[in-house]
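Participant: Sequence and predicted model, in that order:
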Amino acid sequence: MIMGCDKTPNTYTIEGRVINKQLGDNLTGVKVYLDAKKIENGVYNSSFVNIKSSSTDGRGSFNMDVEETQVSDYRFRVSETGYFSIEEEISVDKIHSSGGYKRTFELVQQSWIELNVKNTMPQGTDDKITYRYSNIEASGKNCCNNNVVTGEGFDYESHHKCSVRSHAWIYVYWTVTKSGNQSIHNDSIYSGDGATVIYNINY
């Protein structure tokens, strides 16, 4: 009788750190997820499934051991309350060929701007305002953007809250037209340490 043993799968160590991008501080308790597109019984799965997760310690470090399986792609997801999350896909070779993977993730802290716009000195139904931010970098759900907003009418009023990166100057521009006369304005808003900043444009 010939006895056979199953081959012990290779194990890869995934490790690294998570820091605050603006301040460089280590971040504790951040969840780091490793997802993969699995190939099972020769069948390719186009959807990512989670295969491992870890949390950062007091030094901002994380560590996870992953057994080698047939996959086509890997993806990291890094998330923490009060920060913009990260999703990053990496090739299988980056992990399998080197026997592991080491990476530092930089999370951008999140603040909020509550922008209130109101026509407080109306002159007619053709009153008009256009306004926008100019240096927004983040994108996604609830994020501010650089799109132009137009408000028209005697009693125009708008209240909008959206997220921006912390510890940054955010530039806002607006143009008001009343009775055929146009005035152009700009200002800067400092986004503090995870704070909500209220900014009013009364025109």
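Facilitator: Received the coordinates, thanks.

Participant: Could you give the number of residues near residue 27?
Facilitator: Neighbourhood size, residue 27 [other C-beta atoms under 10 Å]: 22. For the C-beta atoms, the positions are set from N, CA and C on the backbone; glycine is no exception.

Participant: Quick check: nearest residue in space to the residue nearest the centre of the chain, chain neighbours excluded?
Facilitator: With distances taken as C-alpha atoms, centre = their mean, residue 84 lies nearest the centre of the chain, 3.2 Å away. Spatially, and ignoring its direct neighbours in sequence, residue 84 is nearest to residue 108 (4.7 Å; C-beta to C-beta, 6 or more residues apart in numbering).

Participant: Residue 156 contacts residue 121, correct?
Facilitator: No - with contacts counted by C-beta atoms under 8 Å, residue 156 stays clear of residue 121, the gap being 11.7 Å.

Participant: Between these two, which is the more surrounded one?
Facilitator: Just comparing residue 156 and residue 121: by other C-beta under 10 Å the higher neighbour count belongs to residue 156, 16 against 10.

Participant: Without its sequence neighbours, what residue ends up closest to the more buried one?
Facilitator: Nearest one to residue 156, counting by C-beta to C-beta, 6+ apart, is residue 119 at 4.7 Å.

Participant: pLDDT at the one you found, what is it?
Facilitator: Per-residue pLDDT puts residue 119 at 99.

Participant: need the contact list for it.
Facilitator: When contacts are counted by C-beta atoms under 8 Å, 6 or more residues apart in numbering, residue 119 touches 127, 129, 151, 153, 154, 155, 156, 157, 203.

Participant: Which of these ranks first by neighbour count?
Facilitator: When those are compared by neighbour count (other C-beta under 10 Å), residue 129 ends up highest, at 23 neighbours.

Participant: Model confidence score at it, please.
Facilitator: If you check residue 129, the pLDDT there is 99.

Participant: so the closest residue to it other than its chain neighbours is in which element?
Facilitator: Nearest non-adjacent residue to residue 129, counting by C-beta to C-beta, 6+ apart: residue 151, 4.7 Å away. Using DSSP states H and E, residue 151 falls within strand 149-152.

Participant: For that strand, buried residues please.
Facilitator: residue 151 (16 or more other C-beta atoms under 10 Å).

Participant: and whichever helix or strand comes after that strand, what other elements does it pack with?
Facilitator: Later in the chain than strand 149-152, the nearest helix or strand by DSSP H and E is strand 157-165. In terms of contacts (3 or more C-beta pairs under 8 Å, 6 or more residues apart in numbering; DSSP states H and E), strand 157-165 is packed against strand 110-118.

Participant: The strand it packs on vs strand 157-165, what angle?
Facilitator: Counting by axes from the mean of the first three to the mean of the last three C-alpha atoms, to 10 degrees, strand 110-118 lies at 160 degrees to strand 157-165.
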